[in-house]
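S.K.: here's my sequence, what's the structure:
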Amino acid sequence: MAEARKNKDYNPYNCPMTHCMNKIGGKWKILIIYAVSKNANRFSKLQKLLPLISKQMLVNQLRELEVDEILHRHVFAEVPPRVEYQLTDHGKSLMPIIKVMHEWGLVDLELKAALTN
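M.R.: So this is what the prediction gives:
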């Protein structure tokens, strides 16, 4: 399993927002969750979609999402071995939040584009 994270359980005031950010915060996790929801369910597909993430960072983030039961890692008994990721029901419950973030980003990008023209 994944090694302990520095901030995994840091929540001195039992704040729900801090709890949420401990699970899905950071630069890559939301992007990984979104990509897996769009069928980028193999490590190589995730690397292609997120070219700026290092291999080790992708491994670490996938492990943390698996430990937090947001992603399920399925290993197929094949040669060579094949691994696929899928959202758990717990992970799927994040999709309405991610959808709102996606929509907000589209509107903000359009606003930014309108202001620069």
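
S.K.: measure the residue nearest in space to the middle of the chain to L49 for me?
M.R.: A centroid search over the chain (Cα atoms, centre = their mean) returns K29, at 2.9 Å, as the residue closest to the centre. According to Cβ to Cβ, to the nearest Å, K29 and L49 sit 14 Å apart. (C-beta placed from N, C-alpha, C; glycine too.)

S.K.: not counting its neighbours along the chain, what's nearest the residue nearest to the centre of the chain?
M.R.: Excluding the flanking residues, the one nearest K29 by Cβ to Cβ, 6 or more residues apart in numbering is Q61, at 5.7 Å.

S.K.: how far away is that neighbour from P12?
M.R.: Q61 sits 25 Å away from P12, going by Cβ to Cβ.

S.K.: please say which of those two ends up with more neighbours.
M.R.: A direct count of neighbours by other Cβ atoms under 10 Å for Q61 and P12 places Q61 higher, at 22 against 7.

S.K.: circling back to that earlier point, contacts for the helix or strand hosting the residue nearest to K29 next, please.
M.R.: Q61 is located in helix 55-67, with elements delineated by DSSP states H and E. Contact partners of helix 55-67, identified using Cβ atoms under 8 Å, 6 or more residues apart in numbering, comprise 1-2, 5, 26, 28-29, 32-33, 43, 46-47, 50, 53, 71-73, 85, 91.

S.K.: from those residues, which would you call buried?
M.R.: Neighbour counting by 16 or more other Cβ atoms under 10 Å classes 26, 28-29, 32-33, 43, 46, 50, 53, 71-72, 85, 91 among these as buried.

S.K.: between the residues you listed, which sits nearest L106?
M.R.: The closest of the buried ones among the contacts of helix 55-67 to L106 turns out to be I33 (Cβ to Cβ; 17.7 Å).
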